[in-house]
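J.: okay, predicted coordinates and the sequence, questions at the end:
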Amino acid sequence: MKQLDKTETNYWEGFNGGNWQSEINVRDFIQQNLTQYNGDESFLAGPTEATTTLNNQVLNLKKQERAAGGVLDADTNVVATITSHGPGYLNKDLETIVGLQTDKPLKRAFMPFGGIRMAEDALESYGYKPDPEMHKIFTEYHKTHNQGVFDVYTPDMRKARHYKIVTGLPDAYARGRIVADFPRIAIYGIDRLMADKFNDFQHIGDGEMTDDVIRLREQVSDQYRALGDIKKMAASYGYDISKPATNAQEAIQWIYFGYLAAVKTQNGAAMSVGRIDTTIDAFIERDMKRGLINESQAQEFIDHLVMKLRMVRFIRTEEYNSLFSGDPIWATLSLGGVGFDGRHHITKTAFRFLKTLDNMGAAPEPNITLLWSEALPEGFKRYATEVSITSSTIQYENDDLMRTEWGTDYYGIACCVSAQPIKDGVQFFGARANLAKAILYAINGGVDEIGEKQVGPETKPITTDVIDYDDFMKKFSVQADWLADVYVNALNAIQYMHDKYYYEAAQLALKDTHLDYTFATGISGFSHAVDSISAIKYGKVHVIRDEKGVAVDFKAEDNDYPRYGNNDDRADEIAVWLIKWFYGKMNTHHLYHNAKLSTSVLTITSNVVYGKNTGTTPNGRQKGEPFSPGANPAYGAEKNGALASLMSTAKIPYHYATDGISNTFGVTPNTLGHDDETRKDTLVNMIDGYMHNNGMHLNINVFNKETLIDAQKHPEEYPTLTVRVSGYCVYFADLTKEQQDDVISRTFFEEM
Amino acid sequence: MKLFENTNTPTNLMDVVDTPENGPIKGYVHSVESFGAVDGPGIRFTAFLQGCRMRCQYCHNPDTWNIGVGEEMTADQVLDDAERYKAFWGDTGGITCSGGESLVQIDFLLDLFTKAKARGISTCLDTSGNPFTRDQPWFGKFEQLMAVTDISLVDIKHINSAEHKKLTGFGNENILDMIQYMSSHNCDMWIRHVLVPERTDYDNYLTELGDYIKTLNNVQKVEVLPYHTLGVKKYHELGIAYPLEGIEPPTPDRIKNAEKLLHTADYTGYKTWKPGK
């Protein structure tokens, strides 16, 4: 290859020019350099020898990790920063994409900034001894995010947390959910990004040091430093990333260094990769035109990148694992979508990412998310559904809906299912409020049905035999007002302290300086709340109370009341109303950073823990039984088949729940069809139909219940069996027994 | 409920379906399923019509046998319900009527399919053919029905009439006659056959059936449906003795064998089939 002159113009030779050259604008780069692909998967290449060797090494490490009880190795006395570790490799000679979080594969980093106690507990629960010196530093000399939050929490917030009407608050670890614009590094190089940030810095405020100006100036200073550190970290691997990437391998490597900086410094629940497929494709296309690489090499780069994403690890406490089990990190990778100009963004590289599941076997990470539109080409739709049928690793999200709602076609999926504009949008993540429990608070006058203590506002408990609907709704409103208040304000405290003590400098350095913020909230126990309200409204619910007068069981006199999940408007209208109503209550409050409120109906695996901590609900769900995941109907509520169930979910208005409305769909292969082609047709039509009706998100699991039961008994025979749970994908063997039982007992649509 | 309690139900549907002079015909619907991907081409909304006279030993829906019970619905009610799922149908899906035995309610079925076609909905009939007769007025209705049916799924329970009688309580002469009619009148069909060890899984009968199917026109697909035990629970719930107690589903080898003898791979029309050709 000829030596390029070191000017930007020469780095960019072979690309179509545009606005992206005069300003940081990845979207424009993609628009100008998109090569659509309308064919099928036949062009794809299998794994190279190097890929197979490396992958076997990774699989072997994973096996050792499982054998070691979940953690292979962990730092106890090195605080993770972008530059804290020297280079680490699997096999330097074979890796085309390099870089590890620490100095050794699968070794977990020590990340105390979210909270020292959480970091120590995590180490101890896996038998590691945290360095006492670290303890001293992060308690005596340096405050953590966790301490900051607990310094300001009100008694009500502590109570709501303790009695688990609010659960999963990111007050002891990173909030995550930031999709950085990683392709910037490949297209522009770090120096240009630093120059841009410097320029922004000089224009923040006019010298009047208000709180806002001070905060942003400090943040941009941190960002600038982080960019410099990313450059240093890359240099330790022998790469100079100060300038744009000159070929596809470099482009992927540059992007990965950005991602690596994120996962070296932040242990967010979700550490998204964002939307990198089309940028990478443009570099691959250029190399191919120049005759530099063939398909096998292109695939190898993608395989090696994905292999790295599969190796990202954080160390968590047992409590955290019970919420989100299977070591998920939500390296969510968004593929596809359609541009505002009507062109779909399916490139050969979107196919290549799916091919990794074939070349290296199924794996839960990265969390592959297809931005689906009816306008995607048929060849890709069919290939994607084929991958779903064989590995159940893909989630589908409605690009038509998200693009319109967010007003941009360059967004990515943060966390599990939430959309986020990549250039200039940030989401403050924040757990879930348990609406099923709030219903019980309404009945019990604010007394927690498990703890039997006054938690919510003290209202008059319902003492009649049959619950009067109007009386109930008044009381429910009082409890929900309180819940919205406590919840939103706890999040205000969390986001403030996170900015202060655990700012995401590396990720935010790779976004615009001036950002739009959304304030993410979430709802759990959704279907049970809806069905309970419907039961009270239509079913004449009798209350059974214990000796203290706390409602412990319910009996609907007319058990045929409408239930959510049957495309029955009487129940579905309650669902729609509930979302808007609770959103309205939360939206009356001040939101940190003038963020825009959003909410979600998605639970990840936490539906099990939430259910465990919630008493019997009026819809007949027994105390301790798992909630249905996300926006799924309650188990056993669905009577009219799969599409009726999907149609109920599709009615929930995305405008109020822009954080995501998750549906996890389980189906046996034979229900989809009796041969492979029919099965693909069925899935394509099903997804098209769901999205056409404004369905937002769909996890698709295709297997027989018997397979899961067998895998539970003989995990060793199913080391790579993956299942999709609400919003992510997990090795079935890595779920807790309770969660495995939950997955097995979920509705599986079967033919009769 | 006893196994054969309801075999004395009237043979003429009009005796049980009350058609008011001024109102639309009502059908007895056992249940509906919004997502049928194996009930004909594409994704289909399936209405299970109540009532069947046959007592197939392996029937997995014994709760659909009784005639003249179930939810009463008009054709428009069924179609309004079905059309909510139109977006899922692509260009091959639509509605299927299954049972029970759909043809037991031929008046309603004719009304339903006629109105479906008027709405542009593809129609599929899932039948065992048992009610078929060339007697009038039934046959005239059947001919009208075929004109508004895009495709039929015909389940041949057994090719040998004596064995058919043992298995279902009825011989198969009129069923094969119906198939002949479809074959000679350009009616598209899928032929299905349930493979039951010790009942239908014999090479000689399978060969005979395979040869018979070869003589037919318009066959888009031939399917072997392996017997399954998912219906057993219903028998226990209904308090009916299960005739196939102890019989296991066929092995994969036997399924392959049956597919070979029925030449299933030769019938590929279904791959490109579109309704309303």
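T.: Perfect, thanks for sending it. Just so you know, these numbers come straight off a predicted model, no measurement behind them.
J.: isn't residue A:446 up against residue A:453?
T.: No: taking contact to mean CB atoms under 8 Å, the distance of 9.7 Å between residue A:446 and residue A:453 leaves them out of contact. Every residue, glycine included, has its C-beta placed from N, CA and C.
J.: look at those two and report which has more neighbours.
T.: With other CB atoms under 10 Å in any protein chain shown as the criterion, residue A:446 and residue A:453 differ in neighbour count, and residue A:446 comes out ahead with 22 against 11.
J.: distance of that one from residue B:149?
T.: In this structure, residue A:446 and residue B:149 are 61 Å apart, going by CB to CB, to the nearest Å.
J.: off-centre distance for the helix or strand containing residue A:493?
T.: Assigned by DSSP states H and E, residue A:493 belongs to helix A:469-501. For helix A:469-501, the separation from the chain centroid amounts to 23 Å (computed by CA atoms, centre = their mean, to the nearest Å).
J.: any low-confidence regions in the chain?
T.: Here I'm looking at chain A. Low-confidence segments of chain A, defined by pLDDT under 70, span residues A:1-9, A:726-727, A:747-752.
J.: ah, I was thinking of chain B
T.: Regions of chain B meeting the criterion pLDDT under 70 cover residues B:1-22, B:277.
J.: nearest spatial neighbour of whichever residue of it sits closest to chain A, chain-adjacent residues omitted?
T.: Taking CB to the nearest CB, chain A has its nearest neighbour within chain B at residue B:88, 3.0 Å off. Distances taken as CB to CB, 6 or more residues apart in numbering or on different chains put residue A:689 closest to residue B:88, at 3.0 Å, once the chain neighbours are dropped.
J.: check which element follows the strand or helix carrying that neighbour along the chain.
T.: Here residue A:689, judged by DSSP H and E, is contained in helix A:676-692. As assigned by DSSP H and E, the chain's next helix or strand after helix A:676-692 is strand A:697-702.
J.: how about the very next helix or strand once past that next one: buried residues?
T.: Scanning forward in sequence from strand A:697-702 by DSSP H and E, the next helix or strand is helix A:705-713. The neighbour-count criterion (16 or more other CB atoms under 10 Å in any protein chain shown) identifies A:707-708, A:711-712 as the buried residues of helix A:705-713.
J.: wasn't residue A:335 part of a strand?
T.: Yes: if the criterion is DSSP: H, G, I helix; E, B strand; the rest coil, then residue A:335 is within a strand.
J.: which ones are touching it?
T.: Going by CB atoms under 8 Å, 6 or more residues apart in numbering or on different chains, residue A:335 touches A:275, A:277, A:350, A:353-354, A:368-371.
J.: any idea which element the residue nearest to residue A:11 when sequence neighbours are not counted lies in?
T.: Leaving aside its sequence neighbours, residue A:11 sits nearest to residue A:244 (CB to CB, 6+ apart; 4.0 Å). Following DSSP H and E, one finds residue A:244 outside all helices and strands.
J.: could you dump stretch A:679-696 to CSV, C-alpha only?
T.: Once non-C-alpha atoms are left out, stretch A:679-696 reads as follows in CSV (Å, rounded to 0.1, in the frame of the first residue of the first chain):
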residue,chain,number,x,y,z
ARG,A,679,-40.5,-20.9,9.7
LYS,A,680,-38.5,-18.0,8.3
ASP,A,681,-41.6,-16.8,6.3
THR,A,682,-43.7,-17.0,9.5
LEU,A,683,-41.2,-15.0,11.6
VAL,A,684,-40.7,-12.3,8.9
ASN,A,685,-44.5,-11.9,8.6
MET,A,686,-44.9,-11.9,12.3
ILE,A,687,-42.3,-9.2,12.9
ASP,A,688,-43.5,-7.1,10.0
GLY,A,689,-47.1,-7.4,11.3
TYR,A,690,-46.1,-6.5,14.9
MET,A,691,-44.0,-3.5,13.8
HIS,A,692,-46.8,-2.4,11.4
ASN,A,693,-49.1,-2.2,14.4
ASN,A,694,-46.5,-0.1,16.2
GLY,A,695,-45.1,-2.9,18.3
MET,A,696,-41.8,-1.6,19.7
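J.: count of residues packed around residue A:513?
T.: Residue A:513 has 18 neighbours, counted by other CB under 10 Å.
J.: so it sits against residue A:204, correct?
T.: Yes: counting by CB under 8 Å, residue A:513 touches residue A:204, with 7.4 Å between them.
J.: mutual contacts of these two, please.
T.: With contacts defined as CB under 8 Å, 6+ apart, the residues adjacent to both residue A:513 and residue A:204 are A:216, A:220.
J.: now whatever residue of chain A ends up closest to chain B: how far from residue B:117?
T.: The shortest separation between chain A and chain B is 3.0 Å, found at residue A:689 (distances taken as CB to the nearest CB). In this view, residue A:689 and residue B:117 are 21 Å apart by CB to CB.
J.: the more surrounded of the two?
T.: Neighbour comparison, residue A:689 and residue B:117: the larger count goes to residue A:689, with 24 against 18 (by other CB under 10 Å).
J.: for that one, give me its contacts.
T.: Each residue near residue A:689 by CB under 8 Å, 6+ apart is listed here: A:643, A:646, B:43, B:85, B:87-90.
J.: what do you get for residue B:205?
T.: Contacts of residue B:205 were listed using CB under 8 Å, 6+ apart, and they are B:158-160, B:163.
J.: same question for residue B:96.
T.: B:36, B:39-40, B:44-47, B:123-126, B:153.
J.: Three-state assignment for it, please.
T.: The three-state label for residue B:96, taken from three-state DSSP, comes out as strand.
J.: who does it form a beta bridge with?
T.: The residues paired with residue B:96 through beta bridges, assigned by DSSP bridges, are residue B:46, residue B:124.
J.: up against chain A, what does chain B have?
T.: Residues of chain B found near chain A, taking CB under 8 Å from any CB of the partner chain as the criterion, are B:32-38, B:42-43, B:45, B:60-61, B:84-85, B:87-90, B:92-93, B:223, B:230-231, B:271.
J.: just the buried ones from those residues?
T.: Here the buried ones among the residues of chain B next to chain A, as counted with 16+ other CB under 10 Å, turn out to be B:32-38, B:42-43, B:45, B:60-61, B:85, B:87-90, B:92-93, B:223, B:231.
J.: of those residues, which belong to strands?
T.: Of the positions in those, B:32-36, B:45, B:223 sit in strands, assigned by DSSP state E.
J.: count of residues packed around residue 206?
T.: Going with chain A. Using other CB under 10 Å, residue A:206 is surrounded by 7 other residues.
J.: nope, chain B
T.: With other CB under 10 Å as criterion, residue B:206 counts 22.
J.: how about it: what's its closest non-neighbour residue?
T.: In this structure, residue B:206 finds its nearest non-sequential neighbour in residue B:261, 4.0 Å apart by CB to CB, 6+ apart.
J.: the one you found touches residue B:207, doesn't it?
T.: Yes: taking CB under 8 Å as the definition, residue B:261 is a contact partner of residue B:207 at 5.3 Å.
J.: among these two, which residue is more densely surrounded?
T.: Comparing residue B:261 with residue B:207 by other CB under 10 Å, the one with more neighbours is residue B:261, at 19 against 14.
J.: for that one, which residues are in contact?
T.: With CB under 8 Å, 6+ apart as the criterion, the residues that contact residue B:261 are B:203, B:206-207, B:209-210.
J.: now the residues you listed as TSV including secondary structure?
T.: Listed next are the contacts of residue B:261 as TSV, based on three-state DSSP:
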residue	secondary structure
B:203	helix
B:206	helix
B:207	helix
B:209	helix
B:210	helix
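J.: between these, which is closest to residue A:626?
T.: Proximity of these to residue A:626 was ranked by CB to CB; the top entry is residue B:206 with 46.5 Å.
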